[in-house]
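fold the following and give me the result.
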Amino acid sequence: QGQLVESGGGWVQAGGSLRLSCAASGLTFSTYAMGWFRQAPGKDREFVAAISRGGGYTDYPDSVKGRFTISRDNAKNMVYLEMSSLKPEDTAVYYCAARGTFLPRTTTQVNYWGKGTLVTVSS
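Sure thing, here's the model as predicted:
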């Protein structure tokens, strides 16, 4: 069974930056597209970023485009999310996600979830 473990969450002031990491195990990493989702208190889990199996294609919603960057290292079975110009509305638990072959853009498309890491952005 695939396992995803996030790290790198924490507290940051508005305008600051943070880098999240996700370590994958128990799956053939290079055959999975990867993504990040987030869930704020009282809200649904939402799509944040996705990257193709080889890393050549990425996708973001308008809310984070230009501020967040997803990347992966298939040699290390790792995926990253670089977040900059953070806003208080970015505060949420961030989840790493894996989907076989195609990019995960909705929660129902995800095959594996991590347990999440909390990001708090203060104003």
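
please report the number of neighbouring residues for Ser85.
Burial of Ser85 is recorded as 13 neighbouring residues (other C-beta atoms under 10 Å). (C-beta placed from N, C-alpha, C; glycine too.)

OK, contacts around it?
Residues in contact with Ser85 (C-beta atoms under 8 Å, 6 or more residues apart in numbering) are Gly15, Ser17, Arg67.

so who does the second one touch?
Same thing as Ser17. Neighbour list for Ser17: Glu82, Met83, Ser84, Ser85, Leu86 [criterion: C-beta under 8 Å, 6+ apart].

thinking again about what came up before, out of the contacts of Ser85, which one sits closest to Phe37?
For the contacts of Ser85, the residue nearest Phe37 by C-beta to C-beta is Arg67; the value is 16.1 Å.

now the closest one: closest residue in space that isn't a chain neighbour?
In this structure, Arg67 finds its nearest non-sequential neighbour in Ser85, 4.7 Å apart by C-beta to C-beta, 6 or more residues apart in numbering.

the one you found falls within a helix, correct?
No - counting by DSSP: H, G, I helix; E, B strand; the rest coil, Ser85 is not part of a helix but coil.

look at Ser63 and tell me its secondary structure.
Here Ser63 is recorded as coil under three-state DSSP.

tell me how many other residues surround it.
The tally of other residues near Ser63 (other C-beta under 10 Å) stands at 14.

for it, phi and psi?
Main-chain torsions, Ser63, degrees, to the nearest 10: phi -60, psi -20.

thank you kindly, that will do.
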